[in-house]
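Asks: okay, here's the prediction I keep looking at, along with the sequence it came from:
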Amino acid sequence: MRTLDLDARPLQPSAAVRGQQRRSTLAAQVGGLWMRLWAGKPPGLFLALLGAAIGLSMAWPILYVVWRALWAGRARWLRLLDGRIPGLLWQTASITVTTTLLSVGIGVSLAWLVHRCDTPGRRVWRWLLAVPLMVPSYVGAVAYVMFLGPRGWLSTLLGRAPFNLYSFWGVLLVLTLFKFPYVFLIVGAALKRMNRSYEEAARSLGLGPWAIFWRVTVPFLQPAIGAGAILTALCTLSEFGVVALLRYNTFTSAIYYQMESYDRTAATVLSSVLMALTLAVLGIERLTRGRRRFHQTTNVTRRPDILRLGRWKHVALLWVLVVLALAVLLPLAVLTYWSVIGVAHGALDGRFWTFALNSIQVAGLAAVAAVVLALPVVYLRARHPSLPSVLIDKLSGSGYALPGVVVALGLIFLFNTYIPWLYNTAFLVVVAYLVRFLPQAMQYGGASLSQVSPRIDETARSLGYAPWRVLFSVIVPLILPGLLAGGALVFVSAIKELPATLILRPPGFDTLAVRVWVESSEAVYHMAAPAAVLIVLVSLLPLKWMLSRY
Amino acid sequence: MVKLTSVFGLGLAPIVVVVLGVLLSGCAGGAAGETGGSGELVVYSARNERFVDALLEDFEADTGITVRALHAGGAAVNRIVEESRNVQADIFISNDVGALEYLRLGGYLQGYTPEGIETIDARYRAPDNAWFALSARTRVLMYNRDLITAEAMPKTIWALTDAQWAGQFAITRGGNGSMIAHVSALRHEWGNAKTAEWIAAVKANAGAIMQGHGDIRRAVGAGEVAFGLVNNYYYHQQLLEPTDNNVGVIYPDQGEGEMGAVVNAAGVAFVRDAPNADNARRFLDWILLPENQRAFSYASMEVPINPAIEAVGEAATLSDYRVHALPLSRLGEVYEDTRAFIERAGLDLELK
């Protein structure tokens, strides 16, 4: 840009120079526009292009699905709108709403009991109740099939299945048991932050504990409850394993069967509707978040009182134990039981370790790539805040709320059509993980970077470091812990991922998650269980660190 | 700080490169690329992987060729169609002749004359041998002896529409490959109107509509329903179960002038533009060796097509009972159409 300014200074206005001058003015205008576009702080061209490339690559598969759906043809749209979509909408909406409501009920009550009441053992329950969130829901579903299914433990014991797990109620049970910790954790965190003065004021005005709970605590918790509910709803919308294993059809399972067995274009139509649903839920979040605000009086923050439950103590404890038994103890017991049988039957053979190695390879590659790719995106966002960097940030994060089946559908289309030499390789699985989980790496990288003062960059620049060198030898070392934490989270999420892996795995490349799916669909429980247990063990790794966050 | 800087500035980039390299090479090893692969064979299979894996391992041991298998179930056919411009599979193993012929009619297969093809009756292979069947399965009614006697059982497929059986039997969802082929055969025999009537009545009558035949055999064995419409080898499998094995079988429509039981077959196909065509030819030659034909049928307890190979255990051979007249390859013409037909008649392809 500096050179352009020099050129623009007219010395001898000959024709050639005048032409150059016009060009230069144009260049200067473009330069000015560029400057304004980046709100006065433009990044290097390379960084800008890199960020744009990452953002577009991450959003490409999803946008392509919408694009294909637009060209799916009137007849196909009408056929689906008439036949398939109304039923799917009802089934998806009903399970999403009920799961969310039930999760809120369980999550809020438990959070209240272990944070604000003298429930015995509450310190232990606080972290034990977060465990179900770490267990992938489809593993939970597998455990419940082994327990409550037509040929499960209880059914064998009673002679018949006590209730039909393959139904709306079965899906609701499993989803709620493994999603409620979202609400539990977020509401728990809000309760911990809550200032006692509000409740004291209420008490001094003569309200009883029950009235205080409903008229002070619940309104105060509303933003947290809302956030937990939105998260639960989004996860239910994109849930594939549970609904498919329990043979209940929502959009995700319908898309899976549609694309695999019949017509991929029709699957894009269903995917577009599902994306619209997801956006609607996100829209609700926006609306509700803006409405209510609560302010803490920061000068006097005292920890709230612990409510004495008296004789209700035992009821509270029972409630905690029932939920723990259903969501943690029972699945782990069933899985351990079948694992022991499986190991005795030689389930841990060479094949098993090949599957484990495959899982580790694709997840590890995705984690490393996520860390590397998150860096430019978060750096742009933090150091060059402007429309383009926000856009890049949003594009890179677009896979976050979207179901794995939709991402897989987009990728299988794109690679089969445009990048055939990479189609049907493990590379696609890695790309799918990136699209889905890069936002996690971005979140942690971004959080670390926000704690590094821009002054440090400026100082390094003033000492003569080139921008890229500032990034790699100053910034990266400082935010490395955050980047690595993000990478670790991506690794764990990728190990657990089911739908995209199932669709995109190349021939001869099964992962642990795929084996859990295949073996449990065939009702070979002793082969499904060891893989499931290994996934659960890996999934539990970030528990401690996850809890310290909330 | 200086130390850190130099460590990361100089050290990090190579570390990342090395890690990426190791992981990538690992991936490539596990899922080898499209490098023309002289030493590998890509198999798409729609059969249960338990019926196929041992056979493929034998092939690897005999030839030194690495087999990469995708057990895609019902998705295999659609995959092959979608990948026709970027062919991945060399061999397709299917349990439905309708699917095999459907692919051949669509131009997704290629002909080849493997050694030993003459052991397979011409009725059970494509004119250009692009596919050939190796084992046969028959649509039968399997029943629980504790709940119903052979005399009381319905003796024809049409009898399933009778209200007296309401709630007592199980069928699969409409999208099951064997179900589709069965309906195709019925359309050929009865015409569309009567077949649609049969579908609607059977759907209304069925006590349970299940995902697959494995579910049905376990449900019949456990006495959840009195009988079920399955392929005959599920009956033989259930007999081998340690419990819930008091089951019997009815081959339907065996009376004089009746249509006979509907037969389908499992077999292998040679995919057009297969990336490892030479290895695919070796596989087709290899699978026709008598011991491998035998292994192909026995894994699932089906009946070998080749009469020279004796049937497993007490399985009835094809010549023991009356068989429906439709040439199997005719199933391919209506493969796509029958699915839509089933859905129109009111039976969902997937469980809802």
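Replies: Ah, there it is. Numbering: from 1, shown residues only, chains lettered A, B, ... in the order given.
Asks: now name the helix or strand holding the nearest residue to residue A:495 once chain neighbours are set aside.
Replies: Nearest non-adjacent residue to residue A:495, counting by CB to CB, 6 or more residues apart in numbering or on different chains: residue A:363, 4.7 Å away. For glycine as for every other residue, the C-beta is placed from the backbone atoms N, C-alpha and C. Assigned by DSSP states H and E, residue A:363 belongs to helix A:350-383.
Asks: any idea of the mean pLDDT in that helix?
Replies: Averaged over helix A:350-383, pLDDT sits at 93.
Asks: and if you look at stretch B:297-308?
Replies: 86.
Asks: tell me which stretches of the stretch 451-550 of chain A form helices.
Replies: Using DSSP state H, counting those that start in this stretch, the helices of the stretch 451-550 of chain A run over A:454-462, A:467-470, A:476-496, A:499-504, A:512-521, A:525-540, A:543-549.
Asks: please identify the buried residues of the shortest one?
Replies: With burial defined by 16 or more other CB atoms under 10 Å in any protein chain shown, the residues of helix A:467-470 counted as buried are A:467, A:470.
Asks: what about that helix, near chain B?
Replies: Yes: judged by CB under 8 Å from any CB of the partner chain, helix A:467-470 comes into contact with chain B at residue A:469.
Asks: alpha carbons of that helix, as PDB, please.
Replies: C-alpha atoms of helix A:467-470 as PDB (Å, rounded to 0.1, in the frame of the first residue of the first chain):
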ATOM      1  CA  PRO A 467       3.700 -10.600  11.500                       C
ATOM      2  CA  TRP A 468       3.900 -14.400  10.900                       C
ATOM      3  CA  ARG A 469       6.900 -14.600  13.200                       C
ATOM      4  CA  VAL A 470       4.900 -12.700  15.900                       C
END
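Asks: contacts for it, please.
Replies: Residues outside helix A:467-470 that contact it (CB atoms under 8 Å, 6 or more residues apart in numbering or on different chains) are A:43, A:44, A:46, A:47, A:457, A:460, A:461, B:9.
Asks: the fourth one now?
Replies: Counting contacts by CB under 8 Å, 6+ apart, the residues outside helix A:499-504 that touch it are A:240-241, A:252, A:256, A:259-260, A:362, A:403-405, A:407-409, A:411-412, A:428-429, A:432-433, A:436, A:511, A:513-514, A:517.
Asks: put the alpha carbons of stretch B:65-79 into CSV.
Replies: Taking C-alpha atoms only, stretch B:65-79 is exported to CSV below (Å, rounded to 0.1, in the frame of the first residue of the first chain):
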residue,chain,number,x,y,z
ILE,B,65,-4.5,-60.0,-2.1
THR,B,66,-5.7,-57.6,0.6
VAL,B,67,-9.4,-57.4,0.7
ARG,B,68,-11.0,-54.1,1.8
ALA,B,69,-14.7,-54.8,2.5
LEU,B,70,-17.5,-52.3,3.1
HIS,B,71,-20.4,-54.0,4.7
ALA,B,72,-23.0,-51.5,3.6
GLY,B,73,-26.2,-53.6,3.9
GLY,B,74,-29.0,-52.2,1.9
ALA,B,75,-27.0,-49.1,1.0
ALA,B,76,-24.5,-51.0,-1.2
VAL,B,77,-26.6,-50.8,-4.4
ASN,B,78,-27.2,-47.1,-4.1
ARG,B,79,-23.5,-46.6,-3.4
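Asks: great, nothing more from me.
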